[in-house]
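Undergrad: coordinates only, sequence not included:
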């Protein structure tokens, strides 16, 4: 299994890191079979599989429920689990309590925290000292979408660029294992990647990041109808799935299913009631 030390070595040797965001047992099982380096159980599960408008409705218990299913499907893959909305802003001790609960109950290798505020830096430092590796997340941080005013590109002016570079260094110094960079210009992705010693994992942050992450459902175009610019679809399960389900409905209506090969038959007809 990948370790935090191996992650550092991958950056140093310029070996790209492939991360997949997955939310349940079958998707995790497929991600591991595809030899993904890391699996992220993102709080984006609220929007992708629970149908919420944003990630802000996701709870600690939601994350634990889904992460445990992912772990069962991917026993040998480095697992990162999101700390959900406000679970690490409701007081320092409560943040540590929530992190400990998620980490212990999911058998994760790391937790992911969004943002670079001093509060997040302090929590990151305490978790790392206590033995919980942290993956940080800068740029477009979905839990702050209501503050940002929507899902849009970040770090596109001088002040914002300086802030993201400074925050990346603070999180590195706090002991973060890796840093997710979301929806920022590729030039900034490269600058941040070159500025810190820990691996960067991009999602809409350019090729120069040390790795990339995409959501399982986006990769396979499964249940999703709209995709950000940074997504590449590698299959179209929407068409395949709807086509197959439509054929099933048609077969049931026309009595083409089930056929004999799908049906059980009693061997001793003599026991049948007359």
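TA: Perfect, thanks for sending it. Treat the numbers as computed from the prediction; the structure is a model and nothing was measured. Residues are numbered from 1 along each chain as shown.
Undergrad: how about the helices of the protein, start to end?
TA: Using DSSP state H, the helices of the chain run over residues 4-12, 25-33, 45-48, 60-73, 92-106, 118-130, 145-148, 158-173, 186-195, 216-219, 237-253.
Undergrad: Name the residues of the last one that are buried.
TA: By neighbour count with 16 or more other Cβ atoms under 10 Å, helix 237-253 contains the buried residues 237-238. C-beta: built from backbone N, CA, C; applies to glycine.
Undergrad: what sits up against it?
TA: For helix 237-253, contacts defined as Cβ atoms under 8 Å, 6 or more residues apart in numbering pick out 220-225, 256-257.
Undergrad: Ok, stretch 210-227 next?
TA: Contacts for stretch 210-227 (Cβ under 8 Å, 6+ apart): 10-11, 16-23, 27, 30-31, 37-38, 40, 42, 44, 48-49, 178, 180, 193, 199-203, 231-238, 241.
Undergrad: Tell me the gap between it and the middle of its chain.
TA: From the chain centre to the centre of stretch 210-227 is a distance of 10 Å (Cα atoms, centre = their mean, to the nearest Å).
Undergrad: how long is that stretch end to end?
TA: One end of stretch 210-227 sits 23 Å from the other (Cα to Cα, to the nearest Å).
Undergrad: Kindly report the same for stretch 176-188.
TA: Start-to-end span of stretch 176-188 (Cα to Cα) is 19 Å.
Undergrad: Also stretch 75-89?
TA: 31 Å.
Undergrad: Just the buried positions in it, please.
TA: 77-85, 87-89.
Undergrad: Now pLDDT too, for the residues you listed, in TSV please.
TA: Shown next, in TSV, are the buried residues of stretch 75-89 (pLDDT from 0 to 100):
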residue	pLDDT
77	98
78	98
79	98
80	98
81	98
82	98
83	97
84	96
85	95
87	96
88	95
89	91
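Undergrad: Would you mind listing where the stretch 1-150 of the chain has pLDDT under the threshold?
TA: Along the stretch 1-150 of the chain, segments meeting pLDDT under 70 span 144-150.
Undergrad: hmm, back to that, buried among the contacts of stretch 210-227? Need that as a selection in PyMOL.
TA: Buried members of these, defined by 16+ other Cβ under 10 Å, are picked up in PyMOL with:
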select buried, resi 10+11+17+19+20+21+22+23+27+30+31+37+38+40+42+44+48+178+180+193+199+200+201+202+203+231+237+238
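Undergrad: So which of the contacts of stretch 210-227 are in strands?
TA: Within the contacts of stretch 210-227, residues falling in strands by DSSP state E are 17-21, 38, 40, 178, 180, 200-203.
Undergrad: quick one on the thing from earlier: buried members of the contacts of helix 237-253 into ChimeraX, please.
TA: Buried residues within those, by 16+ other Cβ under 10 Å, are selected in ChimeraX with:
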select :220,221,222,224
